[in-house]
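In: no FASTA, just this:
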């Protein structure tokens with residue numbers, strides 16, 4: 001039983017909840033994608049503010065994953 005608890009603890013360290021993952025969005029009327037990497041080529045086209053938010057917040061705002069990063 002002790003080994004099982006230790007194994008579960010180790011495995012859980014490798015997983016992050018969506019609320020703890022930081023993503024990047026372009027804050028504009030036409031932007032619809034979030035980016036995992038601040039240096040994403042598509043994000044470089046943003047002429048507005050680039051904001052870091054949690055992945056869950058980006059999804060709640062209607063953003064979906066950038067096609068360059070899936």
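Out: Noted; the coordinates are in hand. Predicted model only: the values in this text are computed from it and were never measured.

In: So what does the closest residue to residue 31 other than its chain neighbours look like in phi/psi?
Out: If you skip the residues right next to it in sequence, residue 31 has residue 25 as its closest partner in space, 6.5 Å away by CB to CB, 6 or more residues apart in numbering. Bear in mind the C-beta positions are built from the backbone N, C-alpha and C, glycine included. Listed backbone geometry of residue 25 is phi -130, psi 150, with angles given as degrees, to the nearest 10.

In: now the one 10 residues further on
Out: The phi/psi pair for residue 35 (degrees, to the nearest 10) reads phi -130, psi 140.

In: same check, this time on residue 51
Out: Its backbone dihedrals place residue 51 at phi -120, psi 140, with angles given as degrees, to the nearest 10.

In: before we move on, what about residue 43?
Out: The main-chain torsion angles of residue 43 are listed as degrees, to the nearest 10 and equal phi -70, psi -30.

In: Before I go, just wanted to say thanks for your time.
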